[in-house]
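**Q** kindly generate the corresponding structure for this input.
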Amino acid sequence: MSVYTLPNEGFFQQSAPVLATGLLGGLLARRWKGGWLTGVIIETEAYTEDDPASHSFRGESSRNRSMFRKGGHAYVYLIYGIHHCFNVTAGTPGSGEAVLVRALKPRQGLRTMMENRGRTDPEELCSGPGKLCRALGISLVQDGSDLRNGEIRLFPRRLPVKGNSIDVTERIGISKGRRLKRRYLLVQ
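**A** Residues are numbered from 1 along each chain as shown. Modelled structure (predicted):
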């Protein structure tokens, strides 16, 4: 029996903080040149419309439009004009919620990920949101794509990770809303 399952639409309709923990231990898969690049999600951060650090805090714009789609879509944006960040939309249409996938433990397609990153240390390949996107070849082209049947897919764990296997901390790399404990790490 597989550890992973196909997500139903309701899985993504949860609030971002709930979805952020539900994604931990799940599999992120990216179709790449006839094969798949995969990794286990080990770190996430949740963002909601009432959060001053969220892109949706000031409402919908052309840049963040995908964040307002119903749960289960990719929200990809460029940060510092250099790095792409991959998010999973959460909640109902218009809610402006998303989960930033911060880190993966690579599983399949390691050689391709190394080539994409120009690095050989498996522990460093996907150890941050920009690194993860580069390793998996995720860019603005995938923004708005359906994560249930597109070129990027998410497969949650059949049995969710137990609460004592999740560390909850303040988010990093932001200046507003830092004290909100919405960063989730899979304790390994």
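
**Q** every contact and neighbour count from this point should use C-alpha atoms.
**A** Fine.

**Q** which parts of this protein are strands?
**A** Using DSSP state E, the strands of the chain run over 27-32, 35-47, 74-79, 83-90, 97-108, 152-155, 166-169, 183-186.

**Q** can you list contacts of the fourth one?
**A** In other words, strand 83-90. Strand 83-90 has contacts (Cα atoms under 8 Å, 6 or more residues apart in numbering) with 12-16, 19, 66-79, 96-101, 129-131, 133-134, 138-140.

**Q** hang on, the earlier thing: between the strands of the chain, which one is nearest to residue 53?
**A** Residue 53 lies closest to strand 35-47 among the strands of the chain, at 7.4 Å (Cα to Cα).

**Q** narrow the contacts of strand 83-90 to those that are buried.
**A** 12-16, 19, 66-77, 96-101, 129-131, 133-134, 138-139 (16 or more other Cα atoms under 10 Å).

**Q** and stretch 114-121, what's buried?
**A** Quick answer for stretch 114-121 (16+ other Cα under 10 Å): 114, 116-117.

**Q** tell me where the model's unsure across the protein.
**A** Under the criterion pLDDT under 70, the flagged ranges of the chain are 1.

**Q** quick one, what contacts the spatially most central residue of it?
**A** When Cα atoms, centre = their mean is applied to the chain, the residue found nearest the centroid is residue 101 (2.7 Å). Each residue near residue 101 by Cα under 8 Å, 6+ apart is listed here: 41, 43-45, 85-88, 129.

**Q** try it again with 7 Å
**A** By Cα atoms under 7 Å, 6 or more residues apart in numbering, residue 101 lies in contact with 43-45, 86-87, 129.

**Q** run through who's touching stretch 150-167.
**A** 3-7, 22-31, 147-148, 184-187.

**Q** now the contacts of residue 101 in a markdown table, with distance to residue 161?
**A** What follows is the contacts of residue 101, written out as a markdown table (distance: Cα to Cα, whole Å):
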| residue | distance to residue 161 |
| --- | --- |
| 43 | 13 |
| 44 | 14 |
| 45 | 16 |
| 86 | 22 |
| 87 | 20 |
| 129 | 21 |
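
**Q** between the residues you listed, which sits nearest residue 110?
**A** Checking these against residue 110 by Cα to Cα gives residue 129 as the nearest, at 17.1 Å.

**Q** look up how far residue 78 lies from that closest one.
**A** For residue 129, the distance to residue 78 equals 11 Å [Cα to Cα, to the nearest Å].

**Q** swap in residue 156?
**A** For residue 156, the distance to residue 78 (Cα to Cα) stands at 26 Å.
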